[in-house]
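>>> Quick one, fold the following:
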Amino acid sequence: MSKVGYYPGCSLEATARDYAESLEAVAGLLDVELVEVPDWNCCGASAGHSLDHRAALNLGARNLALAAAGPQPVVVPCALCFNRLKSAQHELAQDDSWLTPEVAALGDWRAAQVVELNQFLTSPAILAKVERMVQRPLTGLRPVVYYGCQGQRPPAVTGHPQSENPTGIDRLLAILGAEVSDWPHKTDCCGASHSVSRPDLVAHLVGNLYLRALERGANCVVTGCQMCQANLDLYQAEIAQGLGREVYLPVFYFTELLGLALGHTQAGRWLDRHLTSPRALLAAAGLAV
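The predicted model follows:
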């Protein structure tokens with residue numbers, strides 16, 4: 001069994017438990033041990049980095065220093081956490097005078113190799129393993145993949161080779177048997193935490209994503225970002241009402257569909273946490289759980 005570092009972030013222990021559980025399940029199937037970063041702290045996403053720049057950099061540096069002592073790479077499922085950790089590492093490499101003595105003494109924050117989960121699970125080696133393990137092909141699912149905006153940009157910080165057109169999850173879903181529709185909106189913004197302060201803005205952005213997905217003939221959306229999943233899933237009925245049309249687009253984490261295709265017995269439990277229930281779609285596709 002191979003070991004990798006694992007930084008879960010705050011939301012995977014709360015609102016995105018379905019993401020965390022499906023990730024841990026598929027990691028076990030793929031013979032990957034997730035070694036959680038000990039005593040990790042909040043990455044500083046949402047308001048933290050905009051209110052206190054020094055504090056935000058030190059939050060990231062502390063996590064990086066702790067992670068550097070464990071297995072590498074350090075896999076991060078949350079796109080916002082990934083972006084904050086990479087941003088801290090990038091900026092401190094230019095000027096480490098922002099560091100507090102306490103954080104500087106923890107270890108070498110430069111040594112942590114931070115990788116977003118969807119890049120790790122769509123590496124050539126993992127894809128080759130998955131292809132041999134598929135038990136329930138996702139025939140009948142016509143997803144569009146929604147990566148969101150935080151995991152790829154800015155490329156000078158994230159190091160993403162395809163910052164405007166990521167394709168990893170597309171390739172994974174195709175291997176799993178889904179009919180993936182390419183679309184130009186895969187890295188558009190969903191509004192993220194503006195769902196609290198500007199729900200009108202989120203409704204506009206997400207409504208546009210629904211319309212563009214339906215135009216492509218999609219019957220579901222797949223993502224690897226829990227903020228994107230929440231905005232597209234939680235408010236679907238309300239936003240559809242504002243659009244004046246019916247919208248039924250279950251929003252899956254890619255780890256959930258990976259677990260389903262590999263035959264994990266707990267897939268139904270993860271999916272039952274979604275507000276837009278995918279059960280009707282899965283039943284119609286012969287994938288009932």
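>>> Next, the buried residues of the helix or strand of the chain with the lowest mean pLDDT.
Among the helical and strand segments of the chain, the one scoring lowest on mean pLDDT, DSSP states H and E is helix 48-51, with a mean of 76. Within helix 48-51, the residues that qualify as buried by neighbour count (16 or more other C-beta atoms under 10 Å) are 48, 49. From N, CA and C alone the C-beta is placed, and that goes for glycine too.
>>> which residues are contacting that helix?
Here helix 48-51 makes contact (C-beta atoms under 8 Å, 6 or more residues apart in numbering) with 42, 55, 56, 59, 84, 87.
>>> of all the residues you listed, which comes closest to residue 270?
Sorting these by distance to residue 270 puts residue 42 at the head of the list, at 24.3 Å, by C-beta to C-beta.
>>> Please look at the closest one and residue 62 and confirm they touch.
No. In this structure, residue 42 sits apart from residue 62 without contact. The criterion is C-beta atoms under 8 Å, and the distance is 10.0 Å.
>>> Need the pLDDT of the residue located most distally from the centre of the chain.
Counting by C-alpha atoms, centre = their mean, the extreme residue of the chain relative to its mean C-alpha position is residue 101, 32.7 Å from that point. Here the pLDDT value assigned to residue 101 is 97.
>>> Can you give me the end-to-end span of stretch 25-35?
Start-to-end span of stretch 25-35 (C-alpha to C-alpha, to the nearest Å) is 14 Å.
>>> what does that stretch contact?
So stretch 25-35 is contacted by 1-6, 23-24, 70-71, 75, 121, 126, 129-130, 133, 255, 258-259, 262, 264, 266 (C-beta under 8 Å, 6+ apart).
>>> One more pass at 7 Å, please.
Residues from elsewhere that reach stretch 25-35, judged by C-beta atoms under 7 Å, 6 or more residues apart in numbering: 1-6, 24, 70-71, 75, 126, 129, 255, 258-259, 262, 264, 266.
>>> Then stretch 82-91?
Under the contact criterion C-beta under 7 Å, 6+ apart, stretch 82-91 has outside partners 43-45, 49, 57, 60-61, 63-64, 76, 109, 114, 116, 150-151, 157-158.
>>> So which of those residues sit within helices?
Secondary structure of the contacts of stretch 82-91 is defined by DSSP state H; positions in helices are 49, 57, 60, 61, 63, 64, 157, 158.
>>> Quick check, the fourth one in contact with residue 109.
Yes. Distance between residue 61 and residue 109: 4.6 Å, which falls inside the contact criterion (C-beta atoms under 7 Å).
>>> Overlap in contacts, these two.
Overlap between the contact sets of residue 61 and residue 109, as judged by C-beta under 7 Å, 6+ apart, is given by residue 92.
>>> Tell me where the stretch 151-289 of the chain has strands.
Taking DSSP state E, counting those that start in this stretch as the criterion, the stretch 151-289 of the chain carries its strands at 220-223, 251-253.
>>> Next, format those strands as JSON lines and append mean pLDDT.
Output for those, formatted as JSON lines (pLDDT from 0 to 100):
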{"stretch": "strand 220-223", "mean pLDDT": "98"}
{"stretch": "strand 251-253", "mean pLDDT": "98"}
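>>> I'd like these as CSV, with mean neighbour count and distance to residue 143 appended.
Output for the strands of the stretch 151-289 of the chain, formatted as CSV (neighbours: other C-beta atoms under 10 Å; distance: least, C-beta to C-beta, whole Å):
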stretch, mean neighbour count, distance to residue 143
strand 220-223, 25, 5
strand 251-253, 26, 7
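>>> Can you say which of the ones you listed is nearest to residue 211?
Across the strands of the stretch 151-289 of the chain, the minimum distance to residue 211, taken as C-beta to C-beta, is reached by strand 220-223, at 12.3 Å.
>>> Name every strand pairing with the closest one and say which way it goes.
Strand pairing for strand 220-223, determined by DSSP bridges: strand 143-146 (parallel), strand 251-253 (parallel).
>>> Which one of the ones you listed lies nearest to residue 217?
Smallest distance to residue 217 across the strands paired with strand 220-223 (C-beta to C-beta): 9.2 Å, for strand 143-146.
>>> ok, the closest residue to residue 136 other than its chain neighbours - contacts?
With C-beta to C-beta, 6 or more residues apart in numbering as the measure, residue 261 is the residue that lies nearest to residue 136, at 5.4 Å, once sequence neighbours are left out. Residue 261 makes contacts with 134, 135, 136, 137, 138, 176, 177, as judged by C-beta under 7 Å, 6+ apart.
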